[in-house]
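K.L.:
I need the structure of the sequence given here:
(one chain, ligands or ions: 1)
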Amino acid sequence: MSKEDISRRQFLNYTLTGVGGFMAAGMLMPMVRFALDPILKEGSDQKLVAVTSIEELSNEPKRFDFKIKQKDGWYESDVTQSAWVYKAKNGDIIALSPICKHLGCTVDWNTDPSHPNQFFCPCHLGRYTKDGTNVKGTAPLAPLDVYDSQVKDGKLYLGKAKPRKGA
Ligand code: FES
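P.N.:
This next block holds a predicted model:
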């Protein structure tokens, strides 16, 4: 076997391997993408869920629990969420997430006697004003998340809780 034959054979091997690999990748990519798609897709299309009737609301924050359908990859489940909801002076309905922005404990309304009419987080004494703004000098560095909300036929619908900019 001459040196030229070997290099010709090698060239053929490399070419066939390259073309074969390219074709295999072309066939496998759609399958891999189909398999991973639910994981890579962001769950941003959360539907609004009816939480309460408008008559239930006052200017005092009240906690409401509601269930949403959550899709985690291929797994779908019912998840209970909570919101602190009240009517602002201008008539706007404010729906705040109860998840503390420090380390994720649950905040309560008006439970700290030395700081009335504030949201209070018992874990590290975090505080928020009524509109969810974090009180400076306490542990949380950002305001409470606010739910997307909509009023329809006398009912309050809530969607996804979204973060706001820190104080
Ligand atoms: S988790 Fe709320 S203050 Fe730390």
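K.L.:
how about the residues of this structure near the ligand?
P.N.:
100, 102-103, 105, 121, 123-124, 126, 139-140 (Cβ under 6 Å from any ligand atom). The C-beta positions use only the backbone N, C-alpha and C, and glycine is treated the same way.
K.L.:
one more pass at 8 Å, please.
P.N.:
100-105, 107, 121-126, 138-140 (Cβ under 8 Å from any ligand atom).
K.L.:
filter those residues down to the buried ones.
P.N.:
The neighbour-count test (16 or more other Cβ atoms under 10 Å) marks 100-102, 105, 107, 121, 126, 138-140 as buried among the residues of the chain next to the ligand.
K.L.:
and those, which of them are in strands?
P.N.:
121, 126 (DSSP state E).
K.L.:
which two of the buried ones among the residues of the chain next to the ligand have the greatest separation?
P.N.:
Cys105 and Thr138 (12.6 Å; Cβ to Cβ).
K.L.:
tell me, what's touching the two both at once?
P.N.:
124, 126 (Cβ atoms under 8 Å, 6 or more residues apart in numbering).
K.L.:
which single one of the residues of the chain next to the ligand is nearest to Trp74?
P.N.:
Distances from Trp74 to these, taken by Cβ to Cβ, are shortest for Gly104, at 26.0 Å.
K.L.:
and the gap between Ser47 and Leu36?
P.N.:
Quick fix: residue 47 reads Lys, not Ser. 24 Å (Cβ to Cβ, to the nearest Å).
K.L.:
mind giving me the domain ranges of the chain?
P.N.:
What automatic domain parsing lists as the domains of the chain is 1-41, 49-162.
K.L.:
that's all I had, so thanks and see you.
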